[in-house]
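> Need the 3D shape of this:
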Amino acid sequence: MSKEIRKEIWKEVKEIADQVKNKHDGEVIIVNDDTPIEVIQEHSPVGESSSNGAVERAIQEVTGQIRALKLHIETQANTKIESTHPLWPWLVEYAAMGIYMYQVGSDGKTARQRTRGRSSMASTVGFGEQVLYKPMKTIKIDKSEARWLRGTWIGIIDHSNEHIIGTEEGVVKCRAIHPREKASKWDIDAMMKIKGTPWKPNPNRRSLRITTRIKIDDEDDSECENEDPDKAPEDIGEDFEVKIGEEEDEEMQREAVRQEKEKERFKSKHGKSLKMYIMKEDVIKYGYTPRCPGCKYLLGERKNIEGHNKECKERIREAMRTDPEDAHRVEKDEKKQEQEKRKMDEKKIEESSQRHRKRSRFEERSKDEEKTNSHDYESGVRTEMEETPGRS
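So this is what the prediction gives:
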């Protein structure tokens, strides 16, 4: 198990122990740095899912909750929620969160009550509903602007009871929300325009952090954003340091060196020739190609960026070859391809000659060893015959 995971588990155990210390009247064992604790990782037998019943049951509960939320949204909004829908990753996360916060066990408590000591805040809206949310006080809003903004409710942050709101700019958090009237509760267009995922709430930043607003490049962060508990390690700054043990550090270094050698070996054997790049302006100028994924992306028919297929590239290259303005690009690319091909041929010849020299040295060494062995054998036979006069 990773050292960072063990550290996070240890942190959670200490938090629970502190809560018990503050709320319990009797004698309890308080977990601290001197308390011995061991995290044991268990594995189920291969191919025997029945032996891992607790996990299988948990998977069934989560998938059932996902299915229930999906069907509820499809019924209320009269739409289909596919795996490519912007709400889908948030729906999966909220399904697990809903079981953790609201499902009552055999002991009459929810999982959150067992870990946090108290029940969760009751939700006044359903997943995917349209709400009015009030930005945090740390956000400066002009007096002439609205104090309540529109968004889609997609969950709650457990440790702070803040609401997660999906917007066209990205995913933000807030403390106060207000349900919309029944006619405006479900908006298909607003749900489709949501940007941001649980692993990247702000489309403009590579971070797990859910902020109170989507920061523009020329704006400064709010003064209270610096202590945000959702801040991801890569977004904390220079003061953050992950401590790694010496053995783990050496293993990581060896793995990094091994991967780098494999990359160099692969590059030497599989030289990649970069061909001329087809720009958006070229497609607009020479027209779109049917069944080309790159052209479909430019037309807005596909959400994920994809490259142009071979047929599209060849068609545009031929059209550019006859165009006075773009003909030089094709000629330049052809010269570049010829140079790269020549380099690759020379490299192959050099590698072939190196292999031939190695083989020759190996054969010479083998012949020398055979001669030496033969000479030693003959010398041994002669010595034995001299030492045994009676043998003829």
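> Which residue ranges of the stretch 1-150 of the chain form strands?
Per DSSP state E, counting those that start in this stretch, the stretch 1-150 of the chain carries strands over the ranges 130-134, 149-157.
> Show me what the longest one is packed up against.
Which is strand 149-157. Judged by 3 or more C-beta pairs under 8 Å, 6 or more residues apart in numbering; DSSP states H and E, the packing partners of strand 149-157 are helix 88-102, strand 130-134, strand 162-166, strand 171-174, helix 188-192. Just so you know, the C-beta spots here come from the backbone N, C-alpha and C atoms, and that holds for glycine as well.
> Can you pull out the low-pLDDT segments for the stretch 251-392 of the chain?
Residues of the stretch 251-392 of the chain that meet the criterion pLDDT under 70 lie in 251, 266-274, 375-392.
> Tell me where it has helices.
In the stretch 251-392 of the chain, the helices defined using DSSP state H, counting those that start in this stretch lie at 280-286, 293-298, 310-321, 327-387.
> what about those helices, which gets the closest to residue 205?
Closest of these to residue 205 is helix 293-298, at 23.5 Å (criterion: C-beta to C-beta).
> Show me which positions of that closest one end up buried.
Buried positions in helix 293-298, judged by neighbour count with 16 or more other C-beta atoms under 10 Å: 293-298.
> who touches it?
Defining contact as C-beta atoms under 8 Å, 6 or more residues apart in numbering, one finds that helix 293-298 is touched by 278, 280, 283, 288-289, 302, 304-309, 312.
> cool, stretch 154-161 as well?
Applying C-beta under 8 Å, 6+ apart, the contact partners of stretch 154-161 are 87, 90-91, 93-94, 97, 100-101, 112, 120-121, 123, 127-128, 162-166, 171, 173, 175, 194, 210, 229-230.
> Tell me which of the helices of the stretch 251-392 of the chain approaches residue 259 most closely.
Of all these, helix 327-387 sits nearest to residue 259, with 22.8 Å by C-beta to C-beta.
> list the helices and strands the closest one packs on?
Secondary-structure packing of helix 327-387 (3+ C-beta pairs under 8 Å, 6+ apart): helix 310-321.
> what residues does the helix it packs on touch?
Contacts with helix 310-321, where a contact means C-beta under 8 Å, 6+ apart, come from 275-276, 278, 282-283, 286, 289, 291-292, 294-295, 308, 326-327, 329-330.
> Which two among these are spaced furthest apart?
The widest separation within the contacts of helix 310-321 (C-beta to C-beta) is 27.1 Å, between 291 and 327.
> and those two? which has more neighbours close in?
Higher neighbour count among residue 291 and residue 327: residue 327, with 12 against 9, using other C-beta atoms under 10 Å.
> Might you report the residue contacts of residue 192?
Contacts of residue 192 were listed using C-beta under 8 Å, 6+ apart, and they are 85-86.
> er, residue 170 I mean
Shown in contact with residue 170 (C-beta under 8 Å, 6+ apart): 195-196, 201-204, 214.
> In helices only, show me those residues.
With DSSP state H as the criterion, helices contain none of those.
> So residue 177: helix, strand or coil?
In terms of secondary structure, residue 177 is strand; the call rests on DSSP: H, G, I helix; E, B strand; the rest coil.
> Provide the count of other residues in contact range of it.
Counted by other C-beta under 10 Å, the residues lying close to residue 177 total 19.
> and the gap between the closest residue to residue 16 other than its chain neighbours and residue 287?
Of all residues not flanking residue 16 in the chain, residue 115 sits nearest, at 6.6 Å (C-beta to C-beta, 6 or more residues apart in numbering). Distance from residue 115 to residue 287, counting by C-beta to C-beta, to the nearest Å: 60 Å.
> contacting residues for the residue nearest to residue 96 when sequence neighbours are not counted?
Nearest residue to residue 96, sequence neighbours excluded (C-beta to C-beta, 6+ apart): residue 62, at 5.4 Å. By C-beta under 8 Å, 6+ apart, the contact set of residue 62 is 95-96, 99.
> Just put these in a markdown table and tack on distance to residue 152 and pLDDT.
Shown next, in a markdown table, are the contacts of residue 62 (distance: C-beta to C-beta, whole Å; pLDDT from 0 to 100):
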| residue | distance to residue 152 | pLDDT |
| --- | --- | --- |
| 95 | 16 | 91 |
| 96 | 19 | 89 |
| 99 | 21 | 89 |
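> circling back: any of the contacts of stretch 154-161 buried? List them.
87, 90-91, 93-94, 97, 101, 112, 120, 123, 127-128, 162-166, 171, 173, 194, 210, 230.
> and which of the contacts of residue 170 is nearest residue 147?
Residue 147 lies nearest to residue 214 out of those, by C-beta to C-beta, at 18.0 Å.
> per the record, what domains does the chain have?
Each domain of the chain is listed here as a residue range: 242-272, 280-378, per automatic domain parsing.
> Closest to residue 190 out of the buried residues of helix 293-298?
Nearest to residue 190 among the buried residues of helix 293-298, with distances taken as C-beta to C-beta, is residue 297, at 23.8 Å.
> Just to check, the residue nearest to residue 16 is in contact with residue 15?
No: contact between residue 115 and residue 15 fails when scored by C-beta atoms under 8 Å: they sit 9.1 Å apart.
> about what we covered before: okay, the domains of the chain in a markdown table with distance to residue 9 next?
Putting the domains of the chain into a markdown table (distance: least, C-beta to C-beta, whole Å) gives the following:
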| stretch | distance to residue 9 |
| --- | --- |
| domain 242-272 | 16 |
| domain 280-378 | 36 |
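> Point out the most buried one among the ones you listed.
Neighbour counts (mean count of other C-beta atoms under 10 Å) averaged over each of those peak at domain 280-378, with a mean of 13.
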